[in-house]
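J.: Any chance you can model this:
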Amino acid sequence: MPEISVNENIIPLIEELCVKPEVYNVKILNIGGATVIDAGIKARGGYITGLIITEICMGGLGETNLTTIELEEQKICGITVYTDQPIISTLASQMAGWKIKVGEFEALGSGPARALALKPKKLYQKLNYKDTAEHAVIVLETNKIPDEEVLTYIADKCGIETESLYAILTPTTSLTCMVQVSGRIIETGIHKLLNLDFDIESIKYGWGFAPIPPPHPNFEEAMGRANDAILYGGSVNYIVEAEDKEIEKIIEEVPSSSSPAYGKPFLEIFKEAEGDFYKIDPNLFAPAEIQITNMKTGKTFKAGKIEPKILLRSFGFTE
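T.: Presented below is the predicted three-dimensional model:
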């Protein structure tokens, strides 16, 4: 792994949010010495804020922009993401791999701070990557502002002073969260490839796009839309250096359509599982379509497809 500090690399992006809060519709708070950036709880956040937070999640090793995606005759705002450091930017930084629970506070943590706290540890051992920065940046998917106890806990796990912690808050019901969750398209595909025992070190470049769902005030509805954006609307492309036979062996198993649970909006699947994520087939959590180009042979392999009807139904469009 290259010696890149994902926490150091994003300082300019953090400074941009902190210096221009009125531009990005965020509120800057100081809680117990930590800098907390509210991007959707009491603040509005938005599209541009979501793009910056997506790049922060990726340790500054990815670039994003907004695009327009057509679903049948309906135009939807979407996000396109690119990275030349696919493994560090996604698994080592962006992935929502830290389940934080302190007292009554619960949140999913993503972003560069994970590479200091090594959450989850087994993944970082496999990646052979660890950051050594003296400050940390974490993105929390939560609708509650954390107190000093929560922030001190996160700082301690990262091995830093609380004053050196930056925490960005993006509630699921916010537009900011919708943008940054759809911006996980590259990471979702790589995580699925990892679970299929594909050599992820062979992945040299990645790009992808996904629709950004309209926000919804209800948590479960918003969560369902966020998942559907990836499962039925996300498209990911990788350039790898591997053997064709290794790609052929797994390509059909990568898309979400490889799961028997596939075919209906995620909220329906979630309710059938009685609200228990662990009862849902893990193979469902993948992009709608994947394309892999092999640098060794020039061949491109593709599987899966986008499902406009399911997306429009999930996103609340009426006929």
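J.: Excluding chain neighbours, what is closest to Ala300?
T.: Just to correct that, residue 300 is Thr rather than Ala. Thr293 (4.5 Å; CB to CB, 6 or more residues apart in numbering). C-beta here means a position set from N, CA and C on the backbone, and glycine is covered the same way.
J.: After the helix or strand harbouring the one you found, which helix or strand is next? Please name it.
T.: Per DSSP states H and E, Thr293 falls inside strand 289-294. As assigned by DSSP H and E, the chain's next helix or strand after strand 289-294 is strand 300-304.
J.: Partner strands of that following strand and their direction?
T.: strand 289-294 (antiparallel) (DSSP bridges).
J.: Restricting the selection to alpha carbons, write the partner strand to CSV.
T.: Provided in CSV are the C-alpha atoms of strand 289-294 (Å, rounded to 0.1, in the frame of the first residue of the first chain):
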residue,chain,number,x,y,z
GLU,A,289,-24.3,-3.4,-12.9
ILE,A,290,-20.5,-3.9,-13.1
GLN,A,291,-18.0,-3.6,-15.9
ILE,A,292,-14.4,-4.9,-15.5
THR,A,293,-11.7,-4.1,-18.1
ASN,A,294,-8.5,-6.2,-18.0
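J.: Contacts for that strand, please.
T.: Contacts with strand 289-294, where a contact means CB atoms under 8 Å, 6 or more residues apart in numbering, come from 189, 234-244, 247, 251, 254-255, 299-306.
J.: Which positions in the helix or strand where Glu221 lies come out as buried?
T.: Secondary structure from DSSP H and E places Glu221 in helix 219-231. Neighbour-count burial for helix 219-231, with 16 or more other CB atoms under 10 Å as criterion, is recorded at 221-231.
J.: which intervals of the stretch 1-150 of the chain have sub-threshold pLDDT?
T.: For the stretch 1-150 of the chain, the stretches with pLDDT under 70 are 1-2.
J.: can you pull out the strands in it?
T.: 27-31, 34-38, 62-71, 74-83, 98-102, 105-110, 136-141 (DSSP state E, counting those that start in this stretch).
J.: Turn the ones you listed into CSV, columns for mean neighbour count and distance to Asp281.
T.: As requested, these are exported to CSV (neighbours: other CB atoms under 10 Å; distance: least, CB to CB, whole Å):
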stretch, mean neighbour count, distance to Asp281
strand 27-31, 15, 39
strand 34-38, 22, 35
strand 62-71, 16, 25
strand 74-83, 20, 26
strand 98-102, 15, 20
strand 105-110, 20, 20
strand 136-141, 28, 22
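J.: which stretch among the ones you listed comes nearest Ile14?
T.: Ile14 lies closest, by CB to CB, to one member of those: strand 136-141, at 6.2 Å.
J.: tell me what that closest one is packed against?
T.: Applying 3 or more CB pairs under 8 Å, 6 or more residues apart in numbering; DSSP states H and E, one finds that strand 136-141 contacts helix 47-57, strand 105-110, helix 114-117, helix 148-158, strand 165-169.
J.: And those: which comes nearest Gly206?
T.: helix 47-57 (13.7 Å).
J.: what's that closest one packed up against?
T.: helix 11-19, helix 21-24, strand 62-71, strand 74-83, strand 136-141, helix 175-182.
J.: what residues does the third one touch?
T.: Contact with strand 62-71 is made by 47, 51, 54-55, 75-83, 85, 89, 94, 183, 186, 209, 211-212, 233, 306, 308, 311-312, as judged by CB under 8 Å, 6+ apart.
J.: What is the burial count for the residue nearest to Thr300?
T.: Burial of Thr293 is recorded as 17 neighbouring residues (other CB atoms under 10 Å).
J.: does Leu267 really touch Ser314, like I thought?
T.: Yes - under the criterion of CB atoms under 8 Å, Leu267 makes contact with Ser314 at 7.3 Å.
J.: Now for the two: what residues contact both?
T.: 224-225.
J.: between those two, who's got more neighbours?
T.: Ser314 (28 against 18).
J.: Now do the same contact list for the more buried one.
T.: So Ser314 contacts 213, 224-225, 228, 232, 265-267 (CB under 8 Å, 6+ apart).
J.: separation between it and Ala229?
T.: 8 Å (CB to CB, to the nearest Å).
J.: what touches both of these two?
T.: Pro213.
J.: Great, nothing more from me.
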